[in-house]
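>>> When you get a sec, could you give me coordinates for this:
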Amino acid sequence: MAILEILKIPDARLKQISEPVAQFDDALHAFIADLEETRQMGPAAVGIAAPQVGYFQRIVILDCSQTRKPVPNHGHLILINPEITHWDGFELGREGCLSVPDYTGNVIRAARITLVAQDPQGDRHEYEMKDFEARALQHEVDHLDGLLFLDRVVSRRTDLFQRKVYQKGANKKRKAANKAH
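Okay, here's the model as predicted:
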């Protein structure tokens, strides 16, 4: 397995639309393993989409089970060719992104969605999602369509916020450095 390089703004490839997966083979499974290892290395990353690492196929990994508000969710999901077939309600919420490491922003998303996707073996599944899990999934599907949360921020003037710290363990390192001085 390998940790893949995350594409970051302003990389133009983040605007590329991804193609459907047609081959459910060993190469796909190896890529998914690398994508998962990359997601796990991201600070607080609940999801990752293949285009974020320069692989332009419709693949998303999502795991909301470890979030601060683990409302009922589906746990760890590997979603191939995901398609949102129904959405209902709207909620405003703060989002961040591995590809936009310096900012977070307020985005309006559907509160509840129905999703159809394939698993890594090509079998079709349907999911009902709500709240944070629905938001996270919509965020990742946007990557497949060449969109970033920045494209959906309510107002760049009032709803875009610079991050103070993004690195895993950065607070501990900074405190240790301050103690040393």
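>>> Mind jotting down where the strands sit in this structure?
47-49, 59-63, 76-97, 100-118, 124-130, 160-162 (DSSP state E).
>>> residue contacts, Ala110?
84, 87-91, 134, 138 (CB atoms under 8 Å, 6 or more residues apart in numbering). (C-beta placed from N, C-alpha, C; glycine too.)
>>> Tell me what it is bridged to.
Phe90 (DSSP bridges).
>>> what does Val60 give?
Residues in beta-bridge contact with Val60 (DSSP bridges): Ala49, Leu79.
>>> wait, doesn't it sit right on Leu137?
Yes: assessed by CB atoms under 8 Å, Val60 is found in contact with Leu137 at 7.3 Å.
>>> Apart from its chain neighbours, what residue comes closest to Ile9?
Nearest non-adjacent residue to Ile9, counting by CB to CB, 6 or more residues apart in numbering: Val100, 5.5 Å away.
>>> Quick check: the gap between the one you found and Arg152.
12 Å (CB to CB, to the nearest Å).
>>> Check what pLDDT the nearest residue to Asp159 once chain neighbours are set aside gets.
Among residues not flanking Asp159 along the chain, Asn106 sits closest, at 3.8 Å (CB to CB, 6+ apart). Note on Asn106: pLDDT of 95.
>>> In this protein, what helix or strand scores lowest on average pLDDT?
helix 170-180 (a mean of 43; mean pLDDT, DSSP states H and E).
>>> For stretch 2-21, buried residues please.
By 16 or more other CB atoms under 10 Å, the buried positions in stretch 2-21 come out as 4, 6-7, 14, 16, 18, 21.
>>> and what of stretch 152-164?
Going by 16+ other CB under 10 Å, stretch 152-164 has these buried residues: 152-153, 159-160.
>>> Then stretch 81-93?
Those would be 81-82, 84, 87, for stretch 81-93 by 16+ other CB under 10 Å.
>>> Out of those residues, which is nearest to Ala30?
Nearest to Ala30 among the buried residues of stretch 81-93: Asn81, at 18.3 Å, using CB to CB.
>>> residue contacts, the closest one?
So Asn81 contacts 20-21, 58, 117-118 (CB under 8 Å, 6+ apart).
>>> try it again with 6 Å
Applying CB atoms under 6 Å, 6 or more residues apart in numbering to Asn81 gives the contacts 20-21, 58, 118.
>>> Thr104 now?
94, 96, 161.
>>> Fine by me, thanks again.
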